[in-house]
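**Q** no sequence on this one, just coordinates:
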């Protein structure tokens, strides 16, 4: 199963964005959105698909972390 995950944009160059997923730095395709360094984006399958408000990104990141903790407890 694939899900979209929020990340903070560190830098952008030639349609590629370096993003921070809670300390994990990756490069993603950012040509689908109008994004700047400092913005938060929703990333799916290596592509930034939506610019998010910071509060929305934090809430989603917290929810995903809680779901991960719950899944780990079930193992």
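**A** On my side now, so go ahead. This one's a predicted model, so the numbers in the text were calculated from it and none came from an experiment.
**Q** How about residue 60: what's its closest non-neighbour residue?
**A** In space, and not counting its chain neighbours, residue 60 is closest to residue 6: 5.0 Å by Cβ to Cβ, 6 or more residues apart in numbering. In this view, the C-beta of every residue, glycine as well, is placed from N, C-alpha and C.
**Q** can I assume the one you found is in contact with residue 54?
**A** No: checked against Cβ atoms under 8 Å, the pair residue 6 and residue 54 is beyond contact range at 9.4 Å.
**Q** sorry, back to before: which strand residues sit across from the residue nearest to residue 60 in the sheet?
**A** residue 42 (DSSP bridges).
**Q** list the contacts for it?
**A** With contacts defined as Cβ atoms under 8 Å, 6 or more residues apart in numbering, the neighbours of residue 6 are 21, 40-43, 52, 56-58, 60-61.
**Q** One more: residue 56?
**A** Contact analysis of residue 56 by Cβ under 8 Å, 6+ apart lists 6, 40.
**Q** which of the residues in the helix or strand hosting it are buried?
**A** Using DSSP states H and E, residue 56 maps to helix 54-74. By 16 or more other Cβ atoms under 10 Å, the buried positions in helix 54-74 come out as 57, 60-61.
**Q** how about the nearest residue in space to residue 16 that is not next to it in sequence, secondary structure?
**A** In space, and not counting its chain neighbours, residue 16 is closest to residue 27: 5.4 Å by Cβ to Cβ, 6+ apart. Taking DSSP: H, G, I helix; E, B strand; the rest coil as the rule, one finds residue 27 in the strand state.
**Q** What is the burial count for residue 27?
**A** 14 (other Cβ atoms under 10 Å).
**Q** Right, I'll leave it there.
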